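Novice: Quick one, structure for this:
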Amino acid sequence: MRMHVRGVGLPDEAEIRLWIADGRISTEPVAGADTVFGAAGGGGWILPGLVDAHCHVGLGDHGEIPIEEAIGQAEIERDVGALLLRDCGSPTDTRSLDDRDDLPRIIRAGKHLARPRRYAAGFSRELEDEWQLPAAVAEEARRGDGWIKLVGDWIDRGAGDLAPLWSDDVLKAAIETAHAHGARVTAHVFSEDALPGLINAGIDCIEHGSGLTDDTIELMVERGTVLVPTLVNIVENFLGIAEAASKYPAYAAHMRDLHARALPRIAAAREAGVPIYAGSDAGTMVAPGRIADEVEALKGIGMSPTEALGAACWDARRWLGRPGLEHGASADLLCYAEDPRSGPDVLRRPDLVILRGKAFRP
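Specialist: Next up, the predicted model:
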């Protein structure tokens, strides 16, 4: 089907007209195209498909899930307009989903890499010897889509609190290996202590970052390290994690402290110039389809409505090396009758989703 859409494009707020044929965007008229959004005098807004820069298609409460459940997760993301997903670690092999033209595009980081009993059971590939990490990184780089996911810290039950998983020299060797294989590296990090070693080793991105300090914020700025804070997860779940960990009082107190300080510290990182993108952490403790709530949460750290939306849309696409509404790009776009910057109730309900040139009306 050949289609035509017109409306106000974001972030430029200029009227745009796009034609869609053979799954691609054309900025030039295409003969025989039907206007499916924004008929003359109609108005509306058009933007590239949303990006969830931290989600877990294929991850369930106990790890691996059947592929049919992973498809259901991806369908929920599509219907709320999240058409590009950076899957930050999944035990389920979801590469067969690439053959589905009705599902979002997925950028995979392969499996989480962790130490034994130092992450949620069933979620990760566990390495007995930390010096196995560089070789494991090379293997996951060959299986993934240009990203590697490390578990940077988790509870050490012997110490009764959060602690780093890897020594600094291991991290440096592993991240250099990833870069040599053309992959970027990100890491789950809740607390303060794991951050310096990861950032100094050249890591590309930090997930969560609730333990940021003035020193590690400065270090991230110097190194160009990106932050995906997953604010919905921090705000909604950290106190519950603390409550469930009563037999580890130091850990529980630490999680409560991180919850209390996270938003001001992440706001300070933004103010200092750390690039920040939106990720919901959908997969276990956060249900799929929450990217609009994450965009709303980013306003709470000082982002304007346009900046917050860009962190889950055009800016995130640029960071991940994926196109927006350019001529010749894949036709992955959203159409709204109301301004999508006005709040999550509007943003999560696009009037028209176009994915790979096919129209969906959620």
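
Novice: Is residue 44 in contact with residue 10, as I believe?
Specialist: No. Residue 44 is beyond contact range of residue 10, at 11.3 Å (criterion: CB atoms under 8 Å). From N, CA and C alone the C-beta is placed, and that goes for glycine too.

Novice: The two: which is more packed in?
Specialist: residue 10 (24 against 18; other CB atoms under 10 Å).

Novice: Against residue 94, how distant is the more buried one?
Specialist: Residue 10 is 30 Å from residue 94, where distance means CB to CB, to the nearest Å.

Novice: And the strands in the stretch 51-200 of the chain?
Specialist: Secondary structure of the stretch 51-200 of the chain (DSSP state E, counting those that start in this stretch): strands at 59-60, 63-64, 82-87, 105-108, 112-114, 124-126, 147-151, 153-156, 161-164, 184-189.

Novice: Mean pLDDT, mean neighbour count and distance to residue 361 for those strands - can I get that in TSV?
Specialist: Formatted as TSV, the strands of the stretch 51-200 of the chain follow (pLDDT from 0 to 100; neighbours: other CB atoms under 10 Å; distance: least, CB to CB, whole Å):
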stretch	mean pLDDT	mean neighbour count	distance to residue 361
strand 59-60	94	23	29
strand 63-64	94	16	33
strand 82-87	98	28	15
strand 105-108	96	21	20
strand 112-114	97	25	36
strand 124-126	95	20	38
strand 147-151	97	28	32
strand 153-156	98	22	42
strand 161-164	98	20	45
strand 184-189	98	26	34
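
Novice: How many residues are close by residue 94?
Specialist: Neighbours of residue 94 using other CB under 10 Å come to 22.

Novice: Same question for residue 138.
Specialist: 16.

Novice: Begin at 737 from now on, thanks
Specialist: Fine by me, first position is 737 from now on; the one you just mentioned is residue 874.

Novice: what sits against it?
Specialist: 913, 914, 917 (CB atoms under 8 Å, 6 or more residues apart in numbering).

Novice: Is it correct that the first one is in contact with residue 875?
Specialist: It stands for residue 913. No. Using CB under 8 Å, residue 913 and residue 875 do not qualify as a contacting pair, with a distance of 10.2 Å.

Novice: Next one: the residue nearest to residue 742 when sequence neighbours are not counted, what pLDDT does it get?
Specialist: Nearest in space to residue 742, with sequence neighbours left out and distances taken as CB to CB, 6 or more residues apart in numbering, is residue 774 at 3.7 Å. Per-residue confidence (pLDDT) for residue 774: 91.

Novice: Now do residue 774 against residue 853, distance only.
Specialist: Taken as CB to CB, the span from residue 774 to residue 853 is 55 Å.

Novice: one step back: just confirm the residue nearest to residue 742 contacts residue 745, I think it does.
Specialist: No. Between residue 774 and residue 745 there is no contact under CB under 8 Å: 10.9 Å.

Novice: So which of the two has more stuff around it?
Specialist: Shown here are residue 774 and residue 745; by other CB under 10 Å, residue 774 has more neighbours (23 against 20).

Novice: From residue 743, how far off is the more buried one?
Specialist: Counting by CB to CB - residue 774 and residue 743 are separated by 4 Å.
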